[in-house]
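Undergrad: Quick one, fold the following:
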Amino acid sequence: MTPQAETNVSTNGVANSQTASSPPSSPGVQYKAAGGKMIRVALAARDNGDMSLFREALAMLTMGVMMSWYYLVVILSLLCVAGLFFPTWRVVAGTAFVLMWSAAFLPLDYQGWDAFCNSFLFKLWRDYFHYEYILEEAIDPKKRYLFAEMPHGIFPWGEVISISITKQLFPGSRVGSIGASVIFLLPGLRHFFSWIGCRPASPENIKKIFEEGADCAVTVGGVAEMFLVGGDKERLYLKKHKGFIREAIKNGADVVPVFCYGNSKLFSVVGESSRLSMGLLKRLSRRIKASILIFYGRLCLPIPIRHPLLFVVGKPLPVVQKDAPSKEEIAAMHALFCEKVEELYYKFRPEWETRPLSIE
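TA: Numbers count the residues shown, from 1 in each chain. As a prediction, this is how the structure comes out:
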């Protein structure tokens, strides 16, 4: 990519604001960090905040529908079942129920739909969040990478939106991802995630992504991290999650730490101050592999707060491929990863992120 601009960066590696309004179509920007080191930025896509009321309302509506989809499916299903008891509505209700849930059994193509990922919808969401992207080091398309993304937050909006700019971030590479298996049981939602190249989380699917010639993105915190939002710390549930390291070693993929600043600030959780209730909900959620919690955002609705998101891709950590890595090898690589995550967090965090990092 051809550099468009150059600017100084403060000692923590964050770029000064004069290039913050570079449009998403910018082919590339370079920032000079302390000591003269060049940090390559694939896109400096933070918008200037000018968003029409209509576009902002449309972004809120579409994201609100996404966040409410589970409840909408449940409500529509109950209405259809109730309609079966009324002769006038029996045929309509039965047909609607069958059509809706038959979609949950249709085969999916997990290769991703480029036209969808490049559509106005993702541009709308990027503008809503004043989305910025930083790539610390160029990615070699000839190598394999496992992108370990964090934090999950209530919903990983930063990670989902990043799918729309992977071609700019990683020219010549293709990125697949994995997500919670439960989302692939719901009609509509399962199609959305398949269109962005996401498939159910499993070691087999990670291996399949690599075998298809793509890199793999994993939001490593999972359901457990949904219960860590809020408070005076940026909390990551990482110490017990080592499976992604094992799969990276088995598939010979370098591990890349990825941090999305602001992702844990988009929603609040009802009862987050009660350790007892949150602990019970967390244990139950782990058992059913789906979150059970009440959250709210803008206007006290399931609409994310309009907070800036900064998506930072760190330097790859080299991995030596082994079919059966030992626990000690996995633990050593995991410890190094946690160390690099902490370095990345403090190096690039923007001025509005003042919370210390806590890896749990």
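Undergrad: Please count neighbours and contacts with C-alpha atoms only from this point.
TA: OK.
Undergrad: Let me see the contact set for the nearest residue to residue 197 once chain neighbours are set aside.
TA: Once flanking residues are discounted, residue 197 sits nearest to residue 112: 3.9 Å by C-alpha to C-alpha, 6 or more residues apart in numbering. By C-alpha atoms under 8 Å, 6 or more residues apart in numbering, the contact list for residue 112 reads 176, 194, 195, 196, 197, 198.
Undergrad: And residue 80, by the same measure?
TA: 93, 94, 96, 97 are the contacts of residue 80 under C-alpha under 8 Å, 6+ apart.
Undergrad: residue boundaries of the strands in this structure?
TA: 29-32, 38-41, 132-135, 145-150, 175-179, 198-200, 215-219, 234-236, 254-261, 268-269, 295-296, 310-313, 357-359 (DSSP state E).
Undergrad: By residue count, what's the longest helix in this protein?
TA: helix 53-83 (DSSP state H).
Undergrad: ranges for the helices of the stretch 151-300 of the chain?
TA: Here the stretch 151-300 of the chain has its helices, by DSSP state H, counting those that start in this stretch, at 157-162, 166-169, 189-195, 203-211, 243-251, 275-288.
Undergrad: mind checking which of those is nearest residue 317?
TA: Distance to residue 317, taken as C-alpha to C-alpha, is lowest for helix 243-251 among the helices of the stretch 151-300 of the chain, at 10.5 Å.
Undergrad: So for the closest one, what gets flagged as buried?
TA: The neighbour-count check on helix 243-251 (16 or more other C-alpha atoms under 10 Å) flags 244, 245, 246, 247, 248, 249, 250, 251 as buried.
Undergrad: The second one and residue 324: what is the separation?
TA: Right, the one you point to is residue 245. 12 Å (C-alpha to C-alpha, to the nearest Å).
Undergrad: what do you get for the fourth one?
TA: Noted for residue 247: a distance of 10 Å to residue 324, by C-alpha to C-alpha.
Undergrad: ditto for the last one
TA: Per C-alpha to C-alpha, residue 251 is found 10 Å from residue 324.
Undergrad: domain assignment for the chain?
TA: 1-44, 56-64+66-103, 107-359 (automatic domain parsing).
Undergrad: Tell me which of those domains sits most buried.
TA: domain 107-359 (a mean of 19; mean count of other C-alpha atoms under 10 Å).
Undergrad: Tell me the span between the first and last residue of that one.
TA: End-to-end for domain 107-359, by C-alpha to C-alpha: 38 Å.
Undergrad: Double-check residue 210 against residue 217; I have them as touching.
TA: No - assessed by C-alpha atoms under 8 Å, residue 210 is found out of contact with residue 217, at 10.7 Å.
Undergrad: In contact with residue 236, which residues are there?
TA: So residue 236 contacts 150, 151, 221, 225, 228, 357, 358, 359, 360 (C-alpha under 8 Å, 6+ apart).
Undergrad: Kindly apply the preceding question to residue 206 instead.
TA: 178, 216, 247.
Undergrad: Could you do residue 316 as well?
TA: Taking C-alpha under 8 Å, 6+ apart, we find residue 316 in contact with 137, 145, 254, 255, 256, 257.
Undergrad: let's see it at 10 Å
TA: With contact set as C-alpha atoms under 10 Å, 6 or more residues apart in numbering, residue 316 has these partners: 136-139, 145-147, 253-258, 337, 340.
Undergrad: swap in residue 232?
TA: With C-alpha under 10 Å, 6+ apart, residue 232 has these contacts: 354, 355, 356, 357.
Undergrad: pLDDT added to the residues you listed, as CSV?
TA: Below are the contacts of residue 232 laid out as CSV (pLDDT from 0 to 100):
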residue, pLDDT
354, 94
355, 96
356, 97
357, 97
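Undergrad: In TSV: the residues you listed, plus distance to residue 120.
TA: TSV is the format used below for the contacts of residue 232 (distance: C-alpha to C-alpha, whole Å):
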residue	distance to residue 120
354	33
355	33
356	35
357	34
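Undergrad: Now flag whichever of those residues is closest to residue 331.
TA: Closest to residue 331, out of all of the contacts of residue 232 and judged by C-alpha to C-alpha, is residue 357, at 20.6 Å.
Undergrad: Now that closest one. Nearest residue, chain neighbours left out?
TA: Distances taken as C-alpha to C-alpha, 6+ apart place residue 234 nearest to residue 357, at 4.8 Å, with adjacent residues excluded.
Undergrad: Please tell me how far the residue nearest in space to the middle of the chain sits from residue 262.
TA: Closest residue to the average C-alpha location of the chain: residue 159 at 2.2 Å, with C-alpha atoms, centre = their mean. Using C-alpha to C-alpha, residue 159 is found at 11 Å from residue 262.
Undergrad: shared neighbours of these two, anything?
TA: Joint contacts of residue 159 and residue 262 (C-alpha under 10 Å, 6+ apart) are 151, 311.
Undergrad: thinking again about what came up before, wait, the residue nearest to the centre of the chain sits on residue 260?
TA: Yes - using C-alpha atoms under 10 Å, residue 159 is in contact with residue 260, at 7.4 Å.
Undergrad: Need the overlap of contacts for those two.
TA: With C-alpha under 10 Å, 6+ apart, residue 159 and residue 260 have common neighbours 149, 150, 151, 152, 311.
Undergrad: Look up how far residue 72 lies from the nearest residue in space to the second one that is not next to it in sequence.
TA: With C-alpha to C-alpha, 6+ apart as the criterion, residue 150 has its nearest non-adjacent residue at 5.1 Å, and that residue is residue 259. Taking C-alpha to C-alpha as the measure, residue 259 falls 31 Å from residue 72.
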